[in-house]
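Colleague: 3D model of this:
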Amino acid sequence: MTSDSDARALGDFLKARRAQLAPRDCGIPETDCARRVAGLRREEVARLAAISVDYYTRLEQGRVRASVSVLTTLARALRLDDDQQRYLYELAGRSDARPRRRRPVQRPRPAMRRLLDQLTGTPALVLGRRLDVLAWNPAAAVLYTDFAALPANRRNYMRLLFTHPVVRELHRDWAHDAQEAVAALRMEAAGDPDDPELAQLVGELSLQDPDFRSWWAEHRVNSASYGTKRYRHHLVGDLTLDCDTWASPDGSGQRLMVLTAEPGSPSHDALRILTSWTAPQPGTDRTRDTTR
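Modeller: Reported below is the predicted structural model:
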């Protein structure tokens with residue numbers, strides 16, 4: 001069974017997705033009639049999915065539960081990619097079936113801490129649920145900010161990206177990077193929609209930043225584990241770094257994020273200079289101690 005919140009979220013996702021599609025994207029002939037809505041109309045989606053307009057309308061309103069066959073046709077009609085399909089199925093029927101559980105304290109796995117200790121020449125972070133920063137090495141501190149100087153409940157990658165001036169200005173492609181981060185958080189939210197701290201984070205950022213509020217409402221999702229980051233650091237200038245993320249195999253949701261530069265490139269030289277600086281030492285305050 002889906003919860004009421006999941007049913008509403010499913011409806012919001014369907015509305016947001018059809019607004020992103022142009023009729024020509026779905027093979028619908030264009031006419032001279034003015035369109036009163038952005039993207040596809042409800043009746044057009046219903047026709048593409050071979051379901052009644054009334055049934056689809058009730059889906060968007062959260063008044064009916066979709067069957068697997070309907071989800072399959074909707075995914076095809078709305079041109080959903082793999083991440084979006086996973087998100088659709090999560091919202092459509094798996095929330096209440098998950099056992100309610102006490103969220104354990106987030107602590108970086110010992111193996112990840114050892115990896116951080118060995119990665120001396122490249123920035124690396126351990127990210128937990130909600131993109132919380134659980135641990136970091138000195139290179140990450142000198143690249144981003146002195147995480148140890150921040151209150152434990154402020155060490156969140158998303159929060160820093162939107163509200164920390166230094167971290168925000170570091171990103172040369174801030175809008176792109178921020179949208180990708182929002183999509184990653186939205187993907188995670190589908191797996192644990194009842195997380196109160198996630199709700200608090202989303203509510204806080206929605207109030208503080210209109211871009212976050214707009215992008216969160218779009219329901220874009222993304223589970224990419226690699227990409228390119230373009231930074232402009234106040235000490236060494238421009239950096240183009242490969243960003244790779246590895247998920248912990250224990251199901252904890254922890255991820256190791258590592259930033260590297262192409263050997264022999266200007267970014268590699270700049271990163272080597274940057275990491276040669278004495279970074280603030282996180283010490284024992286690198287992990288979060290509050291219960292999650």
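Colleague: quick one: contacts for the residue nearest to the spatial centre of the chain?
Modeller: Centroid-nearest residue in the chain: Ala184, 1.7 Å away (criterion: CA atoms, centre = their mean). Counting by CB atoms under 8 Å, 6 or more residues apart in numbering, Ala184 makes contact with Leu131, Asn222, Ser223, Ala224. Any C-beta I mention is one placed from the backbone N, CA and C, and that applies to glycine too.
Colleague: Over to it. Which of the three states is it?
Modeller: helix (DSSP: H, G, I helix; E, B strand; the rest coil).
Colleague: Could I get the full set of helices for the stretch 51-200 of the chain?
Modeller: Ranges of helices within the stretch 51-200 of the chain are 53-60, 68-77, 82-93, 110-118, 138-143, 157-163, 165-170, 174-191, 196-208, based on DSSP state H, counting those that start in this stretch.
Colleague: how far off helix 174-191 does the last one point, in degrees?
Modeller: Okay, so that is helix 196-208. Orientation check (axes from the mean of the first three to the mean of the last three CA atoms, to 10 degrees): helix 196-208 against helix 174-191 gives 150 degrees.
Colleague: Report the backbone C-alpha coordinates of helix 196-208 in PDB.
Modeller: Taking C-alpha atoms only, helix 196-208 is exported to PDB below (Å, rounded to 0.1, in the frame of the first residue of the first chain):
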ATOM      1  CA  PRO A 196      12.100  13.500   9.400                       C
ATOM      2  CA  GLU A 197      15.500  15.000   9.000                       C
ATOM      3  CA  LEU A 198      15.200  14.800   5.200                       C
ATOM      4  CA  ALA A 199      11.900  16.700   5.500                       C
ATOM      5  CA  GLN A 200      13.600  19.300   7.700                       C
ATOM      6  CA  LEU A 201      16.400  19.700   5.200                       C
ATOM      7  CA  VAL A 202      14.100  20.100   2.300                       C
ATOM      8  CA  GLY A 203      11.800  22.500   4.100                       C
ATOM      9  CA  GLU A 204      14.800  24.600   5.300                       C
ATOM     10  CA  LEU A 205      16.300  24.900   1.800                       C
ATOM     11  CA  SER A 206      13.000  25.500   0.100                       C
ATOM     12  CA  LEU A 207      12.400  28.500   2.400                       C
ATOM     13  CA  GLN A 208      15.900  29.800   1.900                       C
END
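Colleague: Give me the next element, helix or strand, following it.
Modeller: Sequence-wise, the next helix or strand downstream of helix 196-208 (DSSP states H and E) is helix 210-217.
Colleague: And the average pLDDT for the very next helix or strand once past that following helix is what?
Modeller: For helix 210-217, the following helix or strand on the C-terminal side (DSSP H and E) is strand 226-233. On average, the pLDDT along strand 226-233 is 95.
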